[in-house]
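Enquirer: Structure of the sequence below:
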Amino acid sequence: MTRRQSLLAAVVLAGATALAQNWPQWRGPDMNGVAAPGRYPVAFSATNDLLWQAPLPGKGGSTPAVWGDRIALTAGVGGGTNGLDGVLCFDWSGKQLWLVTLGPQRSGRHRRGSGSCPSPVTDGKRIFVYFKSGTLAALDFEGRLLWKTNLQERYGKDTLNWDLGTSPVLADGKLVVAVMHEGNSYVVALNPENGKEIWKVDRNFPCKEECGQSYTTPLVTVQDGRTVLLLWGADHLTGHDVATGDMLWQCGGFNPDNKANWRNIASPALSRGVAVVPYGREQFLAGVKIGGRGDVTAGARIWEKRGIGTDSATPVAVDGKVYLVNFKGKVWCLDVLTGREFWSAVLAGKGAFYSSPVLAGDKLYLCREEGSVYVGQICPTGLQLLNETRFDDVFVASPVLVRDRLILRGEKRLYCVGR
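Expert: Predicted coordinates:
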């Protein structure tokens with residue numbers, strides 16, 4: 001290995017280590033809902049084992065982003081017609097460091113929704129936030145506003161029936177946002193330094209009423225040395241070149257009977273080159289081999305399951321297995337390559353699962369809307385429940401597991417559990 005190659009390898013390793021020690025975006029360091037190795041809390045309660053809890057100024061469903069000793073999240077500030085889009089930052093001890101408002105909020109329509117559902121993403125220097133109002137902004141970790149724009153003012157109002165959920169992502173030095181709805185859908189890449197457009201491409205497919213509405217978040221991966229965005233919506237999974245936005249391939253066949261109202265909320269999960277795609281209001285699940293050129297529908301769909309799926313909670317996929325939970329709390333483990341079911345289990349309790357599960361080693365962490373937090377150990381034959389704790393709060397945001405701590409974002413408070 002040459003000196004230059006050694007230096008490059010060291011830089012890549014350092015970057016990977018930094019990501020592993022942080023939670024820079026909604027689905028964690030690798031965008032797959034998997035935590036770095038650690039000694040995370042298992043046996044805890046909502047009353048005796050909290051390191052700290054902090055009140056929040058208003059409603060929000062965004063999952064916090066963690067970098068170093070800073071925890072950033074978005075929330076409404078105030079309510080009704082006078083509410084504002086807000087960004088908050090806490091330190092590692094739970095002290096609120098700052099709160100910045102970015103203009104009028106567009107409040108939620110769903111009872112569990114809000115104007116602050118998209119999760120922040122950070123590159124370690126800047127925090128990028130996005131709201132239902134269309135506001136997209138960058139701040140530094142001192143709370144200084146670096147730039148602000150509004151995608152709806154720039155490119156047109158969204159036509160979503162419910163509350164905007166797609167989160168921005170960072171890919172190859174670009175800030176990428178997907179807007180998929182009825183009307184002109186698009187994906188846009190902006191310069192994270194100033195918010196200026198780098199490229200913008202349309203993404204439109206003919207489909208029935210509401211099927212074009214997607215609340216999913218792009219997934220960033222690498223194919224044949226090229227960084228690719230996976231987008232899920234309008235009954236199609238598509239792959240786009242991050243350098244240009246150009247569509248490389250498309251896979252359809254997710255709505256063969258052309259039914260209406262099959263909007264997409266849960267994002268795909270990816271392992272071993274197979275995207276696991278939930279669709280059809282938690283009644284279907286498909287495995288898609290990513291890659292290729294043009295329309296790859298005929299050869300890319302390698303399996304499909306009926307009666308197994310998730311509507312809102314994005315699955316976890318890692319090491320050839322996928323874990324998913326439906327609204328009512330049924331959990332499955334399937335083989336990513338074949339769709340074969342290894343086991344299923346049921347989590348008893350009240351309320352739906354909007355929050356996406358997170359995996360730490362062989363422990364699965366799940367949050368139910370009515371305040372229950374579950375920790376289950378994955379076994380060859382099923383899920384062994386290790387702990388169930390009830391908080392006096394509502395959970396829509398996904399749990400965060402970083403540096404031996406569990407961070408939970410509720411409607412009322414931010415919680416930190418640790419040893």
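Enquirer: For L102, list the residues it contacts.
Expert: By C-beta atoms under 8 Å, 6 or more residues apart in numbering, the contact set of L102 is 84-87, 129, 131, 135, 137, 145, 148. Every residue, glycine included, has its C-beta placed from N, CA and C.
Enquirer: how about a cut-off of 6 Å?
Expert: By C-beta atoms under 6 Å, 6 or more residues apart in numbering, the contact list for L102 reads 85, 135, 137.
Enquirer: Repeat that for D362.
Expert: Listed by C-beta under 6 Å, 6+ apart, the contact partners of D362 are 377-378.
Enquirer: gap between it and K321?
Expert: Taken as C-beta to C-beta, to the nearest Å, the spacing of D362 relative to K321 amounts to 11 Å.
Enquirer: now do L145
Expert: Noted for L145: a distance of 42 Å to K321, by C-beta to C-beta.
Enquirer: In terms of neighbours, single out the busier of these two.
Expert: Applying other C-beta atoms under 10 Å to L145 and K321 shows that K321 carries more neighbours, namely 18 against 12.
Enquirer: Provide the backbone phi and psi angles at that one.
Expert: According to degrees, to the nearest 10, the main-chain angles of K321 amount to phi -130, psi 150.
Enquirer: Please tell me how far it sits from Q283.
Expert: Here the distance between K321 and Q283 works out to 21 Å (C-beta to C-beta).
Enquirer: what's the helix or strand for G299?
Expert: G299 belongs to helix 297-300 when assigned by DSSP states H and E.
Enquirer: try E193
Expert: Assigned by DSSP H and E, E193 falls within no helix or strand.
Enquirer: low-scoring stretches of the chain, by residue?
Expert: With pLDDT under 70 as the threshold, the chain has low-confidence stretches at 1-20.
Enquirer: Residue nearest the middle of it, spatially speaking?
Expert: Geometric centre of the chain, nearest residue: W26, 4.2 Å, by C-alpha atoms, centre = their mean.
Enquirer: which non-adjacent residue is nearest it?
Expert: Beyond its immediate neighbours in the sequence, the residue positioned closest to W26 (C-beta to C-beta, 6 or more residues apart in numbering) is S119, lying 3.9 Å away.
Enquirer: so where do the strands sit in the stretch 51-200 of the chain?
Expert: 65-67, 70-77, 84-91, 96-104, 121-122, 126-130, 135-140, 145-150, 169-171, 174-179, 186-190, 197-202 (DSSP state E, counting those that start in this stretch).
Enquirer: do the same with the stretch 201-350 of the chain
Expert: 219-223, 226-233, 236-241, 247-251, 269-271, 274-279, 284-289, 294-295, 301-306, 316-318, 321-325, 330-335, 341-346.
Enquirer: what about those strands, which gets the closest to P380?
Expert: Closest to P380 of the strands of the stretch 201-350 of the chain, according to C-beta to C-beta: strand 341-346, at 7.7 Å.
Enquirer: Figure out how far the following helix or strand past that closest one is from the centre of its chain.
Expert: Stepping forward along the backbone from strand 341-346, the first helix or strand reached (DSSP H and E) is strand 358-360. Between the mean C-alpha location of strand 358-360 and the chain-wide mean there is a distance of 14 Å, by C-alpha atoms, centre = their mean, to the nearest Å.
Enquirer: Ok, stretch 104-122 next?
Expert: Offset of stretch 104-122 from its chain centre (C-alpha atoms, centre = their mean): 13 Å.
Enquirer: Which among the strands of the stretch 51-200 of the chain is found nearest to T47?
Expert: The nearest among the strands of the stretch 51-200 of the chain, by C-beta to C-beta, is strand 84-91 at 20.9 Å.
Enquirer: Pairing partners for the closest one, with directions?
Expert: Here the strand partners of strand 84-91, with direction, are listed using DSSP bridges: strand 70-77 (antiparallel), strand 96-104 (antiparallel).
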